[in-house]
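Asker: let's see this in three dimensions:
(one chain, ligands or ions: 1)
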Amino acid sequence: MTTDTGAQIDAHIDEDEIVELMRRLHQHQSFPPHEASAMAELQAWLAERGINADLIDVADEPGRPNLYYKMDGTGGGKTVMYNGHMDIDPVPMYFEGDPWEFKIEDGMIYAHGLINMKAGVAAAAAAFIALHRAGIRMRGDLLMTAVVGELQGGVGAVDLVQRGLIGDVCIIPEPTGMELLPLHAGAIQFLVHTIGEAAWIGAMHNMSYVNAAEKLARIITALEGFEFDSPRREEFPGLPRLIVGGINGGIGRQYAHWRASYVPDFASAILEVRGLPGQDYDDIQRQIEDVIRSVAEGDPDFKWEIERPPATNSPEWQSLKTEAYGIDLPPEHFLNQTIVKYHREVRNEEPGWISSNAFNDSGHYTNAGCESLCYGPGGHTIIREYGIEIKRVVDCAKIIARAAVDMANMDK
Ligand SMILES: [Zn+2]
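Answerer: From the prediction side, this is the model:
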């Protein structure tokens, strides 16, 4: 790429326009599974600029679309993909003020959902539009995509993969604080049930019963602090790690709490495990089952089940709907090195490198043959930031636009 191309790109990246896109996306409270109106907003913003992107519903969820557009290359180059998720985190207690106000102060924006990751989506869209307007010819295609349900393990990403709507390489502007994140964890969830035998409180002295909640409590106690017998890596402190993320119990599989005069006959705990790139989830499941078996041993009334993935059709347990995978992209990989090159050019500094215990959609794309890197403007979500620096978003757009040109001109 020539310096001229960089100047051409920058001439078509407009800070006010990017801020306006963030403002428009922020208006939509796109908690999963309610991303559709935010997705339509992005579609409209692109259409106003001559790009008519498709909204494609994910399988089995009518009205819940991903966004997809392919800009055709001249042929022979790599297909480069921009990707970001439109679903947002719950509003944390530490958020000061009104999360739905779009407050700009000293070059920062304070508004919920921008960090993870509407600011990144805006950077990708701005980069895409800049390349479209500049009319820069590239050999490979360029894909603009936005997905639903990343926080649920990658609902939208899995759908793009299944439809074959992915590239050869992918840039995801997740909140990495403008550092490269080529190494991150994966995650899986299980739902463990115990099944008991109900009895009315007034009749317990003369009938048998089995308290499912009490059995579940024994499993939870046994899992507390459980250490997997699996290899570890220093970049992933504490992983693989398990938590009990939620519990429920009551009468019947719907947990009827309104009749708490009965000993509960059904209780459930949702477990999450964070694992390394390449973690063997079958082995993780076996180890969890061994713990439960050891608790149940010698107790004929101890009945239990395990679900993987957890009841994906039940709103009660709608957390991770798909398994998410870690990635480990070598530092010397051209995807890393292309971002490093243009980070230096645009920001006049060396970029940092991080690894993370967080998962994201890059695992799905990488496993499908589309190597992926996270690099984006939001601060790391593991620290309690809630403002986004506007300059970072603009710089990110400039950097990933340049990177796309280089990579799309590499042989497929
Ligand atoms: Zn994210």
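
Asker: residue 35 contacts residue 61, correct?
Answerer: No. Using C-beta atoms under 8 Å, residue 35 is not in contact with residue 61, being 10.4 Å away. C-beta: built from backbone N, CA, C; applies to glycine.

Asker: name the residue in these two with the higher neighbour count.
Answerer: residue 35 (28 against 16; other C-beta atoms under 10 Å).

Asker: need the contact list for that one.
Answerer: Shown in contact with residue 35 (C-beta atoms under 8 Å, 6 or more residues apart in numbering): 28, 64, 65, 86, 87, 148, 149.

Asker: closest to the ion among these?
Answerer: Nearest to the ion among these, counting by C-beta to the ion, is residue 87 at 8.5 Å.

Asker: can you tell me how far the closest residue to the closest one other than its chain neighbours is from the ion?
Answerer: Distances taken as C-beta to C-beta, 6 or more residues apart in numbering put residue 32 closest to residue 87, at 4.1 Å, once the chain neighbours are dropped. Distance of residue 32 to the ion, given as C-beta to the ion, to the nearest Å: 12 Å.

Asker: do the same with residue 361
Answerer: From residue 361 to the ion the distance is 8 Å (C-beta to the ion).

Asker: quick check: that residue touching residue 173?
Answerer: No. Counting by C-beta under 8 Å, residue 361 stays clear of residue 173, with 11.7 Å between them.

Asker: before we move on, the earlier item: which members of the contacts of residue 35 are positioned in strands?
Answerer: residue 65 (DSSP state E).

Asker: just put the contacts of residue 35 in JSON lines and tack on pLDDT.
Answerer: Formatted as JSON lines, those follow (pLDDT from 0 to 100):
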{"residue": "28", "pLDDT": "98"}
{"residue": "64", "pLDDT": "97"}
{"residue": "65", "pLDDT": "98"}
{"residue": "86", "pLDDT": "98"}
{"residue": "87", "pLDDT": "97"}
{"residue": "148", "pLDDT": "98"}
{"residue": "149", "pLDDT": "95"}
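
Asker: how many neighbours does the nearest residue to residue 303 once chain neighbours are set aside have?
Answerer: Take residue 303 and drop its neighbours on the chain: the residue closest to it by C-beta to C-beta, 6+ apart is residue 195, 4.2 Å away. Residues near residue 195, counting by other C-beta under 10 Å, number 16.

Asker: next one: residue 213
Answerer: Neighbour tally, residue 213, other C-beta under 10 Å: 18.

Asker: state the mean pLDDT of the strand or helix carrying it.
Answerer: Secondary structure assignment for residue 213, by DSSP states H and E: helix 212-223. Averaged over helix 212-223, pLDDT sits at 98.

Asker: can you list contacts of the helix or strand encompassing residue 44?
Answerer: Per DSSP H and E, residue 44 falls inside helix 36-47. Residues from elsewhere that reach helix 36-47, judged by C-beta under 8 Å, 6+ apart: 21, 24-25, 27-28, 30, 52-53, 55, 63-67, 69, 86, 118, 121, 125, 128-129, 144, 146, 148.

Asker: so for it, mean pLDDT?
Answerer: For helix 36-47, mean pLDDT is 98.

Asker: need the CA coordinates for it. CSV is fine.
Answerer: Taking C-alpha atoms only, helix 36-47 is exported to CSV below (Å, rounded to 0.1, in the frame of the first residue of the first chain):
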residue,chain,number,x,y,z
ALA,A,36,-32.8,-6.3,15.3
SER,A,37,-33.5,-2.6,15.5
ALA,A,38,-29.8,-1.7,16.0
MET,A,39,-29.0,-3.9,13.1
ALA,A,40,-31.5,-2.1,10.9
GLU,A,41,-30.0,1.2,12.1
LEU,A,42,-26.6,0.1,10.8
GLN,A,43,-28.2,-1.1,7.6
ALA,A,44,-29.8,2.3,7.1
TRP,A,45,-26.5,4.2,7.8
LEU,A,46,-24.7,2.1,5.2
ALA,A,47,-27.6,2.5,2.7
